[in-house]
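Visitor: Structure, please.
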Amino acid sequence: MHPPVSPDAPLYTRAFMLLCLSHALFAGSFNMMIPELPAYLTSLGGAEHKGWIIALFTITAGVSRPFSGKLADTIGRIPVMYLGVFACVVCGMLYPALAFVNGFLALRFFHGFSTGFKPTGTSAYVADIVPMHRRGEAMGVLGICFSLGVSASPPLGSWMAGVWSLNTVFYASSVLAAVSMFVMAGLRETLPEKQPFRLGLLRVTRDDIYDPQAIPAAIVMILCYGSYGIILTLAPDLTDGVGVTNRGTVFMLFTLASVSTRLFAGKISDQRGREPVLKVSALLIALSMLAFACTTTPAMLYLSAVLFGLGNGVFSPAINAWTVDLGDPQRKGRSMATMYIALEIAIGLGAAVSGWYFASQMDRMPVVFYAAAGMSLLSFFYLLGRKRIDRLLGVAGA
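Guide: Next comes the predicted model:
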């Protein structure tokens, strides 16, 4: 078990700052290409597969979570983070070489290993080095850095694609990931009793797949975060539909709005509790989905993106800290993997189902957003009656 951090220990240590920088670069590496991928897949002749651009990515990320959680708790946090970033380096270099539908979809599948490993190791590392009473704040700061990478990279990627080519964007994503790896070279391992890697560690049991104590966080994640998969899939078409030329604009706006709320939302969750903050975020996300459903102008698109960003900025640090609070303190990697599996299920289903139903027919888009609003409202009502519902469901710790 990792020894508890002193309550008087500083938050902004060298290790924490390096981790935040690495996380921002990592986020930028795989997000800078997202707005251009639907049009790119269409140009390859795979327009009907748009929903799989995000879904394949998240399937692999979700499948890899039990492995990354177990490895983070055995061989260490840093090797798990390196594996995730290395996947981004390799895939970025291979996209130009596999410029056909099946090759592209295969790469999206393997690219998902990046988010299956890096965030799991990062969250466990942060939980190791920050005082417990500042955990929400720390997750908020880490989320801000991730969001800065997410917000800056899509407009940059769209600009690079317009000035040069999408292949340039792919190579640039590889470079950003490589720099993220270089930054992590200054970090020391925090797992006190590391094990050497052996193939037996890749054998996962039911106990390794999820932490039953973290199931409430997983339920909230699934209900709220399907909206993110929907936005990743439909936002480029919606942006084109209302006459906005830079497809990265929506991603930039919602991420900047997210950054504006993450830090104080994390602090409030430390002071007032995680669940009240999560209730507010669920309502904000539902409101943003209703706004997207009614969007017909650039101004309404921008407002919807900002509302979505505010909701996600409140949501992310609270759900991360709540997961660690709920889970087994001796197996933080497994707890975070449980929550991240739920995240990948939510994003993957949101992307696949919305892409399938939408089928490039703009009149169908509002229905998707109404459904997402309903899911977020379900999360709100689950949190209102969580203790009773958990007892009925037989959830651990209810």
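
Visitor: distance of the residue nearest to residue 220 when sequence neighbours are not counted from residue 85?
Guide: If the residues on either side of it in the chain are set aside, residue 220 comes closest to residue 379, at 5.2 Å by Cβ to Cβ, 6 or more residues apart in numbering. All C-beta atoms are positioned from the backbone trio N, CA, C, and that covers glycine. Applying Cβ to Cβ, to the nearest Å, the value for residue 379 to residue 85 is 31 Å.

Visitor: One more: residue 198?
Guide: 23 Å.

Visitor: Who has more neighbours out of the two?
Guide: residue 85 (27 against 10; other Cβ atoms under 10 Å).

Visitor: I figured that one was touching residue 121, is that so?
Guide: No. Between residue 85 and residue 121 there is no contact under Cβ atoms under 8 Å: 9.7 Å.

Visitor: Which of the helices and strands in this protein ranks last by mean pLDDT?
Guide: In the chain, no helix or strand scores lower on mean pLDDT, DSSP states H and E than helix 206-209, which sits at a mean of 69.

Visitor: Could you list the low-confidence segments of the chain?
Guide: 1-6, 208-209, 263, 332-333, 395-398 (pLDDT under 70).

Visitor: Closest to the centroid, which residue in it?
Guide: residue 343 (7.0 Å; Cα atoms, centre = their mean).

Visitor: Where does that residue fall, secondary structure wise?
Guide: helix 332-358 (DSSP states H and E).

Visitor: What are the buried residues along the helix or strand that that helix is followed by?
Guide: Using DSSP H and E, the next helix or strand after helix 332-358 towards the C-terminus is helix 365-384. For helix 365-384, the neighbour count (16 or more other Cβ atoms under 10 Å) marks 365, 368-369, 371-373, 375-380, 382-383 as buried.

Visitor: related to what we said a few turns ago, could you measure from the residue nearest to the centre of the chain over to residue 115?
Guide: 9 Å.

Visitor: Also residue 331?
Guide: Distance from residue 331 to residue 115, counting by Cβ to Cβ: 20 Å.

Visitor: Comparing those two, which residue is more hemmed in?
Guide: Neighbour totals were compared for residue 331 and residue 115, and residue 115 leads with 27 against 22 (other Cβ under 10 Å).

Visitor: In whichever strand or helix holds residue 169, which residues are buried?
Guide: Assigning secondary structure by DSSP H and E places residue 169 in helix 166-184. For helix 166-184, the neighbour count (16+ other Cβ under 10 Å) marks 166, 169-174, 176-181, 183-184 as buried.

Visitor: what helices or strands is that helix leaning on?
Guide: helix 14-31, helix 77-94, helix 135-163 (3 or more Cβ pairs under 8 Å, 6 or more residues apart in numbering; DSSP states H and E).

Visitor: Present those as a markdown table; the columns should include distance to residue 204.
Guide: Shown next, in a markdown table, are the helices and strands packed on helix 166-184 (distance: least, Cβ to Cβ, whole Å):
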| stretch | distance to residue 204 |
| --- | --- |
| helix 14-31 | 24 |
| helix 77-94 | 14 |
| helix 135-163 | 26 |
